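> pasting the sequence and the predicted coordinates here, then a few questions.
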Protein chains: 2
Amino acid sequence: MLGKTYDAQVCSIARTLEVVGERWSLLIVRDALFTGATRFTDFQRGLGIATNILKARLDGFVEAGIMFRHRYSEQPELFEYRLTEKGRDLVHALVALTEWGDRWGAGAEPPILYRHSCGGSLTSQTVCETCGVVEDPTEVRAIPGPGFAGTCAPAAQ
Amino acid sequence: MLGKTYDAQVCSIARTLEVVGERWSLLIVRDALFTGATRFTDFQRGLGIATNILKARLDGFVEAGIMFRHRYSEQPELFEYRLTEKGRDLVHALVALTEWGDRWGAGAEPPILYRHSCGGSLTSQTVCETCGVVEDPTEVRAIPGPGFAGTCAPAAQ
């Protein structure tokens, strides 16, 4: 994964990108979440991705605890890749990334809509505990948290 | 950017990753948003990133409308890179990615906290128009939207 080059960046964004920031990673998670893809051939068919890259991503996901390998055939021995709770929890970031793409992408109409299991429309919102939904990005500040080690760089504001 | 390899993926997640999914991209946006970085040397100092890569990312951001170049010196002619409204709007996705990193990263304590300009804590939430906040990722479905062209693959559920 991206670990080595991001080592000096202790911020949780950097840590997240170490795991899911490589080319194709989030599209693999997307297919696992929303198309029910579990087998190597499912992902390959859905994404048209080179087998060596797909293998590296899936192995990396297992190592990072985003997926686990489940043996679905003994003879021949075959495995599928299933999302863990940690992997499924990426759905919130995917919804936020999708909304940005919908708002600012070239296409006029959203290709995908997110729905709650009740049928209701879903949106990703940045919410203030006091004021409610925050629309204006300039109202968002970053401050050092308890795990801040001096390299996440929000302090220079 | 990643365009060519993602061409077949019309999903808004893929479109978003074409613009901000390359190595270092979101960390550059992070520094622009939260440290006030605008000059080439600001980003280089904050990230320790190779100059050719940083140059490519910043030029790509300008091309994608995430940043614009602003001349801050005439003699010598020097430019800084400032976020556009489109670029600043990435803050919502960054908050969502950070929260995932905080929940699932190795570190015990969050290195960065997000605050509203009022001082209140901020969180990223996936919200159903009917039920309110959706915590459980398995309650999120993706369905084809009006711009669906058959390759975003949520239909096979």
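Sure, I can see it.

> next helix or strand past the lowest-mean-pLDDT helix or strand in chain A?
For chain A, counting by mean pLDDT, DSSP states H and E, helix A:3-6 ranks last in confidence among helices and strands (a mean of 51). Using DSSP states H and E, the next helix or strand after helix A:3-6 towards the C-terminus is helix A:12-20.

> and that following helix with chain B, contact?
Yes. Helix A:12-20 is in contact with chain B by Cβ under 8 Å from any Cβ of the partner chain, via A:12-17. Backbone N, C-alpha and C define where each C-beta goes, glycine included.

> does the following helix or strand past that helix reach chain B?
Heading C-terminal from helix A:12-20, the first helix or strand you meet, by DSSP H and E, is helix A:25-34. Yes. With Cβ under 8 Å from any Cβ as the threshold, helix A:25-34 lies in contact with chain B, specifically through A:26-27, A:30-31, A:33-34.

> compute the inter-axis angle for helix A:25-34 and helix B:12-20.
For helix A:25-34 against helix B:12-20, the angle by axes from the mean of the first three to the mean of the last three Cα atoms, to 10 degrees is 170 degrees.

> could you name the helices and strands sitting against helix A:25-34?
With contacts defined as 3 or more Cβ pairs under 8 Å, 6 or more residues apart in numbering or on different chains; DSSP states H and E, the packing partners of helix A:25-34 are helix A:12-20, helix A:40-47, helix A:51-64, strand A:78-83, helix A:85-88, helix A:91-104, helix B:12-20, strand B:140-144.

> looking at the ones you listed, which is nearest to B:Val95?
Of all these, helix A:91-104 sits nearest to B:Val95, with 7.6 Å by Cβ to Cβ.

> which secondary structure elements does the closest one contact?
Under the contact criterion of 3+ Cβ pairs under 8 Å, 6+ apart, helix A:91-104 touches helix A:25-34, strand A:112-116, strand A:122-128, helix B:12-20, helix B:91-104, strand B:122-128.

> show me the shaky parts of chain A.
With pLDDT under 70 as the threshold, chain A has low-confidence stretches at A:1-10, A:106-108, A:149-157.

> try 90 this time
In the predicted model, chain A carries pLDDT under 90 at residues A:1-24, A:35, A:46-49, A:101-102, A:104-112, A:143-157.

> ok, back up a step: can you redo the helices and strands packed on helix A:25-34 as a markdown table with mean neighbour count and distance to B:Gln44?
Converted to a markdown table, those look like this (neighbours: other Cβ atoms under 10 Å in any protein chain shown; distance: least, Cβ to Cβ, whole Å):
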| stretch | mean neighbour count | distance to B:Gln44 |
| --- | --- | --- |
| helix A:12-20 | 25 | 16 |
| helix A:40-47 | 18 | 34 |
| helix A:51-64 | 16 | 28 |
| strand A:78-83 | 18 | 37 |
| helix A:85-88 | 18 | 33 |
| helix A:91-104 | 25 | 26 |
| helix B:12-20 | 25 | 19 |
| strand B:140-144 | 19 | 39 |
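
> any chance of those in CSV, plus distance to B:Ala50?
What follows is these, written out as CSV (distance: least, Cβ to Cβ, whole Å):
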stretch, distance to B:Ala50
helix A:12-20, 16
helix A:40-47, 29
helix A:51-64, 23
strand A:78-83, 33
helix A:85-88, 31
helix A:91-104, 26
helix B:12-20, 19
strand B:140-144, 37
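
> ok now stretch A:95-109, how far from the chain's centre?
The gap between where stretch A:95-109 is centred and where its chain is centred comes out at 16 Å by Cα atoms, centre = their mean, to the nearest Å.

> for it, give me every contacting residue.
The contact list for stretch A:95-109, computed with Cβ atoms under 8 Å, 6 or more residues apart in numbering or on different chains, reads A:26, A:110, A:112, A:114, A:122-124, B:10-17, B:65, B:86, B:89-90, B:92-93, B:95-97, B:124, B:126, B:140, B:145-147.

> over to stretch A:58-74?
Counting by Cβ under 8 Å, 6+ apart, stretch A:58-74 makes contact with A:1, A:19-20, A:22, A:25, A:28-29, A:32, A:38-40, A:43, A:77-84, A:86-87, A:90, B:104, all of which sit outside it.

> skip the chain neighbours and tell me the closest residue to A:Val20.
Counting by Cβ to Cβ, 6 or more residues apart in numbering or on different chains, the nearest residue to A:Val20 once its immediate chain neighbours are dropped is A:Leu26, at 5.5 Å.
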